[in-house]
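S.K.: 3D, please:
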Amino acid sequence: MGTDREDFERAWAFENAMRERCTTVVEPWVYGVGLFNSDYPLVYDLNHPRADADLSQVTAEELIDAIEGLMAPRGCEHRQVEFADDEAATRLAPAMAEAGYDLFRAIFMVHRREPERRPDLPEAGEVSWEELRPTVVEQLRREPYATSEAVVQQLTDRHDVEAAATHEREFGARVDGRIVSYCHLYSDGIVAQIEEVGTLEEYRNRGLASSVVLAALDTALAERHELVFLVADEDDWPKAMYARLGFDVVGRVASFRKYPKP
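M.R.: Predicted coordinates:
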């Protein structure tokens with residue numbers, strides 16, 4: 001087990017490497033790199049710049065101009081930048097908000113402890129993508145960011161890109177034979193990431209999400225991964241569930257995002 005900083009940097013590097021493998025273009029940018037996949041232009045996480053440079057002296061106007069200069073020529077309707085400098089995010093947030101950018105903070109959580117509960121959880125296990133896909137589509141259609149069928153289609157089909165970029169497996173829990181809760185497990189054999197945890201709303205509060213996360217975790221630990229992590233929205237409730245399952249916060253990544261006009 002490393003320090004918080006060491007574990008965060010390993011997890012952040014794993015996610016960055018996977019994102020880069022999912023792109024069709026990795027373009028040098030004044031503050032880092034731009035990552036783009038022209039086959040999935042509506043998937044924000046596959047089309048945006050990442051700032052790796054020191055942002056401590058950068059103004060919001062400079063950052064916005066740089067984002068615009070990179071993304072506008074590519075025809076992107078949204079605007080987004082991602083970086084791991086929480087102090088810069090806090091400093092820039094007011095001016096970025098005035099320009100229409102929302103701030104999101106993602107927390108990186110590493111598995112370090114035994115889960116608080118396990119014996120009474122529902123059964124969960126590995127499932128195929130073919131089995132899981134209809135549930136993912138149904139869940140995506142209910143999300144506020146799924147503004148069209150094209151968005152749902154691209155968010156679903158990006159699975160093919162991610163599966164090609166890393167060793168990916170799916171885990172699910174069933175009710176009456178139907179998969180209603182799920183997650184993905186990404187791996188490079190050393191580091192593993194549990195991602196895209198979802199449960200259909202009418203089946204929540206039954207321990208199903210905890211079950212699928214633990215099923216993925218048990219698999220990763222049995223395969224002797226050195227680090228197992230997941231990423232959660234700092235402002236959403238699942239982070240408390242992950243803490244109960246033995247995951248600790250080791251770092252944060254900020255994103256400024258501006259949505260296209262309706």
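S.K.: Low-confidence regions, this protein specifically.
M.R.: 119 (pLDDT under 70).
S.K.: quick one, strands of it?
M.R.: Here the chain has its strands, by DSSP state E, at 25-29, 32-36, 48-51, 79-83, 102-111, 125-127, 167-175, 178-187, 191-199, 227-233, 247-258.
S.K.: so which of those comes closest to Val161?
M.R.: Checking these against Val161 by Cβ to Cβ gives strand 167-175 as the closest, at 10.2 Å. Just so you know, the C-beta spots here come from the backbone N, C-alpha and C atoms, and that holds for glycine as well.
S.K.: List the residues that contact Asp54.
M.R.: Asp85 (Cβ atoms under 8 Å, 6 or more residues apart in numbering).
S.K.: Take stretch 81-89, keep the C-alpha atoms, and write them as CSV.
M.R.: Below are the C-alpha coordinates for stretch 81-89, written out as CSV (Å, rounded to 0.1, in the frame of the first residue of the first chain):
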residue,chain,number,x,y,z
VAL,A,81,-11.1,20.4,-19.5
GLU,A,82,-9.9,18.0,-16.9
PHE,A,83,-7.0,18.4,-14.5
ALA,A,84,-5.7,17.2,-11.1
ASP,A,85,-5.1,20.6,-9.4
ASP,A,86,-7.8,21.2,-6.8
GLU,A,87,-6.4,24.6,-5.7
ALA,A,88,-6.5,25.8,-9.3
ALA,A,89,-10.1,24.5,-9.7
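S.K.: Flag every buried residue along that stretch.
M.R.: Neighbour counts using 16 or more other Cβ atoms under 10 Å place Val81, Glu82, Phe83, Ala84, Asp85, Ala88, Ala89 of stretch 81-89 among the buried residues.
S.K.: now, among those residues, which is nearest to Val249?
M.R.: Ala84 (13.5 Å).
S.K.: List the contacts of that closest one.
M.R.: Applying Cβ under 8 Å, 6+ apart, the residues near Ala84 are Phe8, Trp12, Gly251, Arg252, Val253, Ala254.
S.K.: measure it to Glu234 for me?
M.R.: 13 Å (Cβ to Cβ, to the nearest Å).
S.K.: Residues that sit against both of those two, list them.
M.R.: Arg252.
S.K.: sorry, back to before: redo the strands of the chain as a markdown table? Include distance to Asp218.
M.R.: Below are the strands of the chain laid out as a markdown table (distance: least, Cβ to Cβ, whole Å):
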| stretch | distance to Asp218 |
| --- | --- |
| strand 25-29 | 34 |
| strand 32-36 | 32 |
| strand 48-51 | 32 |
| strand 79-83 | 30 |
| strand 102-111 | 11 |
| strand 125-127 | 10 |
| strand 167-175 | 10 |
| strand 178-187 | 10 |
| strand 191-199 | 11 |
| strand 227-233 | 10 |
| strand 247-258 | 14 |
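S.K.: which one of those strands lies closest to Gln139?
M.R.: strand 191-199 (4.8 Å).
S.K.: and that closest one, which strands flank it?
M.R.: strand 178-187 (antiparallel), strand 227-233 (parallel) (DSSP bridges).
S.K.: before we move on, back to that, closest to Glu138 out of the buried residues of stretch 81-89?
M.R.: Of the buried residues of stretch 81-89, the one sitting nearest to Glu138 (Cβ to Cβ) turns out to be Glu82, at 28.2 Å.
S.K.: Please name the nearest non-neighbouring residue to that closest one.
M.R.: Ser255 (4.7 Å; Cβ to Cβ, 6 or more residues apart in numbering).
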